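Student: build me a structure from this.
(chains A and B)
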Amino acid sequence: MTSIISTLVEAWQELRINKVRILLALLGVALSVAALTSVVGLGSLVREGIKAQSERDGGRVATLTLSVNGPSTPDAEKLEKAYEGIQQRYGITTSTHVGRTQAGFQFPRGVTAVNMTIVDIGYGIIHRVPLTQGTWFAADDEQRLAPAVVVSEAFYNQAGRPNLATNPRVSIPGDQPATAVIIGVVPDTYPDTPPAAFILTKAAAMTGMKPDMTEFKLWVGEEQANALTAAISADLQGQFPGYYAQAQRVDFAAWGDPLGPAQWIVGGVAGLVLLLGAVGMLNISMVTVRYRVREIGIRRSFGATSGRIFVGVMMESVVATAVAGLAGVMLAVAVVKNPWIESKVAPGLTEFPAFPIEAALLGFGAAVLVGALAGAIPALVAVRVKVIDAIRF
Amino acid sequence: MTLPDEKQLHILRGIDLEVLSGDHIAIVGRSGCGKSTLLNLLGLLDVPTSGELEFMGQPAQRLSSNARARLRGSTVGFVFQQFNLLPGRSALDNVITPLFYAKGKDFWRRRELAMDMLDRVGLSARANTMPNMLSGGEQQRVAIARALVRRPRLILADEPTGALDVETGQAVMALLDTVATETAAALVTITHDTNVAALARACYRLDSGVLSPLARAEAGAHS
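Tutor: Model (predicted):
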């Protein structure tokens, strides 16, 4: 125990004494680690951003969409029964209809066409809809006489950004005029997007909104996704002979990791930078060992074993790069968690994830590994020093 | 030893020397006569190619390099001609260095032990001074403190006054003798200076690798 602690204390003392030389050597390592960790951290953030955006578009992992197409439109009532039956048979609890249409809303500046998405309550779960204000639909919203709507920021701005606590209303003129209540606000999917809103299926029927097209989505466990896709397709096909019925995955993970290749390339470049840092560190360590030949001989005369000299020289490198790694990781955290950078890298996110611990561990681990590799070769040279020659060096 | 052309070179021959606790031995000889080789053998820095070398009852040739290093660290203290203080470290840090290789309380109490030893050589006031700010005599006193900080049984001094003026050299030798006597350590001084040799209680001459006793009167006459 004493020998481990004394080796560490000795290594730390050497670092303290040679701080300027080591600081210069470590600058490259620290920057390389910062680059590597930032790439992984930013990659993770971008991945979260893309995932959030993909979930808003296609649904979370794993989302299936059911479709029945054929020579004529299938009977709507039979289709609904088929969907209900499938949910019961396969124990699926989260589902939604998704229909799209346009409806005119009366805003202070006049009537504006709004892109309407007609959904069920399950849509909020399946698409992990983020809210900047208010709430998503609840079960009792289906009973409202004035239909509830969840609107986009663009819609909310056109409506004059009313206080949601006052149950603000907006008029829907047309063949079946109605008044809707804004209960929640979602962020725009991209800048300058036209106004959009969500409305529940029953409420849409009440206001005379007819979707141009409708799909039915189910949220199932990722592990069962493939088996269920095949089973539900066969089930649906059996119920609609003469039609082409199928269930298919539409979530982003169905096509693999979209960010994987790019992150590998950038990670490879960062790894190369780290390698260059390691070569620089090795170079300086080799020169330093030659400069320290006499010192090593003197230490041997005091009773330092060859193992102790090896570990001592290597530990100096490892302790130094560990400190540099820590500094590099801290720099990377400061860069990745910068609010401006976060908003630019993952604009789709309203809540940013914590700095990924695996990125920090990777950066720190890489630094220690570089230290061990850059220290091992000079340590071998140090061990081969002949005590007598070294003292007279 | 074997030369690059495979020829055998006998640096030391027929050496028969016993060093006991409390002995103060001087070995004199011209440059190249094998003094340093003998010192390296005595200090377990090297092993003889033939013959026997026993260190505290243990045959040195049978000890591994690491075992010799550990034994050397705990029982031998070296004082070098060129002081060989570690640059960039204060006098105190230099004296602490051997204690990094000690175990147990000697390691944990290293600062206290080093300060005590610097105090004994009269340099506690200069503990935090860098070697390049010390005079030659002070540097050698720091080197002596460093050699003695682990309370060695054997002190090996290789030309300890070689880089000092006569007066400072005598003071350093007096200090070495005093400290060695106080700690009951054996002191072996290798020198070409017969003045230094005359201070020892036993004196040997090394000539062409052969060691022979030298009468004190002879050593004195040389000086």
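Student: OK, contacts around A:Ser6?
Tutor: Residues in contact with A:Ser6 (Cβ atoms under 8 Å, 6 or more residues apart in numbering or on different chains) are B:Phe100, B:Tyr101, B:Ala102, B:Phe107. (Each C-beta comes from the backbone N, C-alpha and C, glycine too.)
Student: what helix or strand does it sit in?
Tutor: Using DSSP states H and E, A:Ser6 falls within helix A:2-17.
Student: try A:Gln88
Tutor: Short version, using DSSP H and E: A:Gln88 is in helix A:76-90.
Student: what's the single longest strand in chain A?
Tutor: When chain A is parsed with DSSP state E, its longest strand is strand A:95-107.
Student: up against chain B, what does chain A have?
Tutor: Proximity of chain A to chain B (Cβ under 8 Å from any Cβ of the partner chain) is limited to residues A:2-3, A:5-6, A:9-10, A:13, A:17-18, A:294-295, A:298-308, A:387-388, A:391.
Student: tell me how far the helix holding A:Gln88 is from the chain's mean position?
Tutor: Relative to its parent chain, helix A:76-90 has a centroid offset of 35 Å by Cα atoms, centre = their mean, to the nearest Å.
Student: show me what it is packed up against.
Tutor: For helix A:76-90, the elements it packs on are strand A:63-69, strand A:213-219, helix A:225-239, judged by 3 or more Cβ pairs under 8 Å, 6 or more residues apart in numbering or on different chains; DSSP states H and E.
Student: mean pLDDT added to these, as TSV?
Tutor: Shown next, in TSV, are the helices and strands packed on helix A:76-90 (pLDDT from 0 to 100):
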stretch	mean pLDDT
strand A:63-69	89
strand A:213-219	88
helix A:225-239	91
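Student: relative to A:Ala165, which of the ones you listed is closest?
Tutor: Closest approach to A:Ala165 among those (Cβ to Cβ): strand A:213-219, 31.3 Å.
Student: which parts of that closest one are buried?
Tutor: Neighbour counts using 16 or more other Cβ atoms under 10 Å in any protein chain shown place A:Thr214, A:Phe216, A:Lys217, A:Leu218, A:Trp219 of strand A:213-219 among the buried residues.
Student: just give me the longest helix of chain A.
Tutor: Longest helix in chain A, counting residues (DSSP state H): helix A:19-58.
Student: and it, which residues are buried?
Tutor: Residues of helix A:19-58 classed as buried: A:22, A:25-26, A:28-45, A:47-56, A:58 (neighbour count, 16+ other Cβ under 10 Å).
Student: which of the contacts of A:Ser6 has the most neighbours?
Tutor: Highest neighbour count within the contacts of A:Ser6: B:Tyr101, with 25 neighbours (other Cβ atoms under 10 Å in any protein chain shown).
Student: for it, give me its contacts.
Tutor: With contacts defined as Cβ under 8 Å, 6+ apart, B:Tyr101 is in contact with A:Ser6, A:Arg299, A:Phe302, A:Gly303, A:Ala304, A:Arg308, B:Gly73.
Student: repeat for B:Arg72
Tutor: A:Ser301, A:Phe302, A:Gly303, B:Gly43, B:Leu44, B:Leu45.
Student: okay, those in a markdown table with distance to A:Leu79 next?
Tutor: Below are these laid out as a markdown table (distance: Cβ to Cβ, whole Å):
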| residue | distance to A:Leu79 |
| --- | --- |
| A:Ser301 | 91 |
| A:Phe302 | 88 |
| A:Gly303 | 87 |
| B:Gly43 | 97 |
| B:Leu44 | 94 |
| B:Leu45 | 94 |
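Student: residue closest to the middle of the chain?
Tutor: All of this refers to chain A. Centroid-nearest residue in chain A: A:Glu48, 2.0 Å away (criterion: Cα atoms, centre = their mean).
Student: that's the wrong chain, I wanted chain B
Tutor: In chain B, the residue lying closest to the centroid (Cα atoms, centre = their mean) is B:Leu156, at 1.9 Å.
Student: which non-adjacent residue is nearest that one?
Tutor: In this structure, B:Leu156 finds its nearest non-sequential neighbour in B:Gly43, 4.9 Å apart by Cβ to Cβ, 6 or more residues apart in numbering or on different chains.
Student: also A:Arg290?
Tutor: Nearest residue to A:Arg290 in three dimensions, chain neighbours excluded: A:Val381, at 7.7 Å (Cβ to Cβ, 6+ apart).
Student: what's the distance between the one you found and A:Thr288?
Tutor: Counting by Cβ to Cβ, to the nearest Å, the gap from A:Val381 to A:Thr288 is 10 Å.
Student: that's a strand at A:Ala304, yeah?
Tutor: No. Assignment of A:Ala304 by DSSP: H, G, I helix; E, B strand; the rest coil gives coil, placing it outside any strand.
Student: contact partners for B:Gly137?
Tutor: B:Leu164, B:Thr168, B:Ala171, B:Val172.
Student: go on, B:Ile155?
Tutor: B:Val76, B:Gly77, B:Val79, B:Ala147, B:Leu148, B:Leu176, B:Ala180, B:Ala185, B:Ala186, B:Leu187, B:Val188.
Student: please repeat the previous calculation with a cut-off of 6 Å.
Tutor: B:Gly77, B:Ala180, B:Ala185, B:Leu187 (Cβ atoms under 6 Å, 6 or more residues apart in numbering or on different chains).
Student: also B:Gly73?
Tutor: Listed by Cβ under 6 Å, 6+ apart, the contact set of B:Gly73 reads A:Phe302, A:Gly303, B:Tyr101.
Student: which one of these is nearest to A:Val185?
Tutor: Using Cβ to Cβ, B:Tyr101 comes nearest to A:Val185 of these, at 70.2 Å.
Student: what about the residue nearest to A:Ile199 when sequence neighbours are not counted, how many neighbours?
Tutor: Spatial nearest neighbour of A:Ile199, chain neighbours left out: A:Val149 (5.3 Å); criterion: Cβ to Cβ, 6+ apart. Number of residues near A:Val149 (other Cβ under 10 Å) recorded here: 27.
Student: doesn't A:Val149 fall inside a strand?
Tutor: Yes. Under three-state DSSP, A:Val149 falls within a strand.
Student: ok, it touching A:Ala203?
Tutor: No. A:Val149 is beyond contact range of A:Ala203, at 8.1 Å (criterion: Cβ atoms under 6 Å).
Student: what's the overlap in contacts for the two?
Tutor: Common neighbours of A:Val149 and A:Ala203 (Cβ under 6 Å, 6+ apart) do not exist.
Student: who are the neighbours in contact with the closest residue to B:Gly162 other than its chain neighbours?
Tutor: Nearest non-adjacent residue to B:Gly162, counting by Cβ to Cβ, 6+ apart: B:Gln81, 4.0 Å away. Contacts here follow Cβ under 6 Å, 6+ apart; on that basis B:Gln81 touches B:Asp158, B:Glu159, B:Gly162, B:Ala163.
Student: which pLDDT value belongs to the residue of chain B at minimum distance from chain A?
Tutor: When scored by Cβ to the nearest Cβ, chain B has B:Gly73 as its residue closest to chain A, at 1.4 Å. pLDDT, B:Gly73: 89.
Student: repeat for A:Phe352
Tutor: pLDDT for A:Phe352: 74.
Student: my read: it touches A:Ser343, true?
Tutor: No. With contacts counted by Cβ under 6 Å, A:Phe352 stays clear of A:Ser343, the gap being 8.6 Å.
Student: what about A:Gly242, neighbour count?
Tutor: 10.
Student: what's the helix or strand for it?
Tutor: Assigned by DSSP H and E, A:Gly242 falls outside every helix and strand.
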